[in-house]
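Student: Structure for this input, please:
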Amino acid sequence: MVVVDVQKDFTTAYSGSLAVNGTDDAFLKSVAEATKKLKELGLPIYATMDWHPAGHVSFASRHSGKKVLESVSIEDGRTQILWPDHCVQGTDGATLLLNEKYITGIIRKGEDVDYDSYSGFQDEVPLMQNKSLGGRCSGQTPRLDRPGATRQCQTDFFV
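Tutor: Down below sits the predicted model:
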């Protein structure tokens, strides 16, 4: 089981800088209950979390005169959607909102200042632009690829 980016900056419950609709206290409670039940069933549970350095390529604040949700062309030909500053390393907004005693492992993503990361497996997800472009691999694929495991593809930016 992978729980994706349940962090303060993505929730309405904490008035996050990039809050997703429906992420209120009731949502957080349901995630906490489901995580606990799945752990009690003996399932390994991993959590992804954005962990951006200040000045990350996806932050509108890094690109003079640009606004949130605009796109910019990066020098190497990538197109980058711009977001408000969010989940900056060491800030309150980056806080993971899961009980870590139920978590088998945490996968931090978006740590490279020059690559965005919508995936816990690799920065700059190749499917985003139908190209295979750079970005570091998280190293989590072997750990999560186990007999009986299935992959689900989420096409939105947030789960």
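Student: give me the number of residues near the closest residue to residue 1 other than its chain neighbours?
Tutor: Counting by CB to CB, 6 or more residues apart in numbering, residue 45 is the residue found nearest to residue 1 once chain neighbours are left out, at 4.7 Å. C-betas here are computed from N, CA, C, even on glycine. Residues near residue 45, counting by other CB atoms under 10 Å, number 17.
Student: From residue 87, how far off is residue 45?
Tutor: Note on residue 45: its distance to residue 87, by CB to CB, to the nearest Å, is 20 Å.
Student: just for the chain, where's the confidence low?
Tutor: Residues of the chain meeting the criterion pLDDT under 70: 121-159.
Student: Okay, strands next: where are they in this protein?
Tutor: Here the chain has its strands, by DSSP state E, at 2-4, 46-50, 71-73, 79-81, 105-109.
Student: could you point out the longest helix in the protein?
Tutor: helix 25-40 (DSSP state H).
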